[in-house]
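A.B. asks: fold the following.
(4 chains)
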Number of protein chains: 2
Amino acid sequence: MSPTTDAAASTEVEAAETEAATKNLVFVAAERLFALHGFQNVSVRDITAAAGVNLASVNYHFGSKDALLFEIFRRRTAELNRERAKMLHEANDRNTGSPPVREILAALLTPPLRWLAPDHERRISLQFLIRARSEGTDEIRNVLKTDVSHLRRFSDALLRARPDLSPEDVYWRLHFTLGMLHNNRFAEFDRLNVLSEGQTSESDVVALLERMLAFAEAGFKG
Amino acid sequence: MSPTTDAAASTEVEAAETEAATKNLVFVAAERLFALHGFQNVSVRDITAAAGVNLASVNYHFGSKDALLFEIFRRRTAELNRERAKMLHEANDRNTGSPPVREILAALLTPPLRWLAPDHERRISLQFLIRARSEGTDEIRNVLKTDVSHLRRFSDALLRARPDLSPEDVYWRLHFTLGMLHNNRFAEFDRLNVLSEGQTSESDVVALLERMLAFAEAGFKG
DNA sequence: GTCTATATCGAGATAGAC
DNA sequence: GTCTATCTCGATATAGAC
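C.D. replies: Numbering: from 1, shown residues only, chains lettered A, B, ... in the order given. As a prediction, the model looks like this:
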């Protein structure tokens, strides 16, 4: 947009912008298609067609289809976990380093629930992450299995908040809470809507977060 | 084994037994491989090789790879839901048709948790069903979404047990409980084991069931 | 019913022109 | 950096001999 007197620099900038734009188009289209239809059901051709770019773009910019998936996974996971860590940090500040269970769970659940809002720009990213967890490549599953450093911040906080519980109890309850969270896929919402004959709606994410927090917090009682 | 004087009949019986045996070998091998590696990562060649039968067996006995997956899904789902329905029926009998929340949840969770036991012959079937739920074919997902008649028995029982709650509350809490259940995959157990540094073990399914019931029942309080 | 050989297809990846 | 054309592979499904 800003004019420049140097034609060569202008060309370079435009090329860089085009490159970034193409790469980003692929990234966004792939994320969306993977989230909606699953990794294995989406071909590189589907992605490049949806993005309006050339078939070879995926391999040029990302190396392979697997690497593309992994890069989306990495970026979105980092983004989500940053929001969670920030909330946990704030909860620590408010509570002299030892927040109650509810605030810890809120730090864990609020960011993904925010992303779930119908008009949120990361709505599709959250569905992607949920799918990647069970349908991803071996590399992704391996990261999920071995890289628990992020999750450990939360289990440590919970252990501090409930020193009366055995660590085993705390870990299992965290596992159950994560199960509640990971079940929030479009398909499961659809099923629930059919079962309840339209009496449930996932579009009010504030209410859903409140429901989840209440359920999980109650599970941590006793 | 039992001798017969009729050679022709004997041959027929043997053929029928062979056919049933081959079909069953394919069924069992496919269920195991799908459960361990996912539907898309297992080829018809993998299945027939593991079963020790001919490559063409899958198509001859089941029609297609998709149809094989669907038949496994159908049979195991029916089997599991029969056990659940029986337990719910017994709970009704014990409580003059209106069992408390805990007994309803126990009828829903106990059969799958039993299957999860390390030495249970349906251990792998449960992992298959959990995977099929998220990685299955369109046909399976469609059945899951639209056929809620089995689940409705449980939501109806819960609505009767908690007439003080809004139906919306009941449906959501059932959804959360199912999320806890569906998170019981091998990969998630592995992750939990890493996080807890070996302090959690899913092999004691009686203890796990008790933990899940306590957590879910607490979530239904209030 | 079973098996081998093969038809057919769609996928990811890439060479090489521009 | 981008694009077209193509390579190569692995998959399911099936025809036809036995």
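A.B. asks: alpha carbons only for contacts and neighbour counts from here, please
C.D. replies: Noted.
A.B. asks: in chain A, which helix or strand is least confident?
C.D. replies: Of all helical and strand segments in chain A, the minimum by mean pLDDT, DSSP states H and E falls on helix A:7-37, at a mean of 79.
A.B. asks: quick one: the next helix or strand after that helix near DNA strand C?
C.D. replies: Helices and strands here follow DSSP states H and E; after helix A:7-37, the next one along the chain is helix A:44-51. Yes - using CA under 7 Å from any atom of the strand, helix A:44-51 reaches DNA strand C at A:44-45.
A.B. asks: mind listing what's buried in helix A:44-51?
C.D. replies: A:44, A:47-48, A:50-51 (16 or more other CA atoms under 10 Å in any protein chain shown).
A.B. asks: residue of chain A nearest DNA strand D, please.
C.D. replies: Closest contact between chain A and DNA strand D, by CA to the nearest atom of the strand, is at A:Asn54 (3.9 Å).
A.B. asks: how about A:Arg84, what does it touch?
C.D. replies: A:107-111 (CA atoms under 8 Å, 6 or more residues apart in numbering or on different chains).
A.B. asks: cutoff 10 Å now
C.D. replies: By CA atoms under 10 Å, 6 or more residues apart in numbering or on different chains, A:Arg84 lies in contact with A:78, A:90, A:104-112, A:150, A:154.
A.B. asks: how much space separates A:Ala92 from DNA strand C?
C.D. replies: For the record, residue A:92 is Asn, not Ala. For A:Asn92, the distance to DNA strand C equals 44 Å [CA to the nearest atom of the strand, to the nearest Å].
A.B. asks: A:Glu168 and B:Ser201 touch, don't they?
C.D. replies: Yes - the criterion here is CA atoms under 10 Å, and A:Glu168 meets it with B:Ser201 at 8.9 Å.
A.B. asks: now A:Arg45: how far from B:Leu105?
C.D. replies: 46 Å (CA to CA, to the nearest Å).
A.B. asks: tell me which element A:Leu174 falls in.
C.D. replies: Element membership of A:Leu174 [criterion: DSSP H and E] is helix A:167-182.
A.B. asks: got the buried residues for that helix?
C.D. replies: Result for helix A:167-182 [16+ other CA under 10 Å]: buried residues A:167, A:169-182.
A.B. asks: find the nearest non-adjacent residue to A:Gly97, please.
C.D. replies: Distance criterion CA to CA, 6 or more residues apart in numbering or on different chains; nearest residue to A:Gly97, sequence neighbours excluded, is A:Ala91 at 7.8 Å.
A.B. asks: what sits against A:Arg74?
C.D. replies: Residues counted as contacts of A:Arg74 (CA under 10 Å, 6+ apart) are A:68, A:129, A:140, A:143.
A.B. asks: so is the helix or strand hosting the last one next to chain B?
C.D. replies: So that's A:Val143. Per DSSP H and E: A:Val143 is located in helix A:138-146. Yes - for helix A:138-146, a contact with chain B is found by CA under 10 Å from any CA of the partner chain, at A:138, A:141-146.
A.B. asks: could you list the low-pLDDT ranges of chain A?
C.D. replies: A:1-19 (pLDDT under 70).
A.B. asks: pop out the phi and psi values for the residue nearest to A:Gly97.
C.D. replies: Main-chain torsions, A:Ala91, degrees, to the nearest 10: phi -70, psi -40.
A.B. asks: for chain B, see how far away it is.
C.D. replies: The spacing between A:Ala91 and chain B, counted by CA to the nearest CA, to the nearest Å, is 22 Å.
A.B. asks: just the buried residues from the contacts of A:Arg84, in PyMOL please.
C.D. replies: Buried residues within the contacts of A:Arg84, by 16+ other CA under 10 Å, are selected in PyMOL with:
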select buried, chain A and resi 104+105+106+107+108+109+110+111+112+154
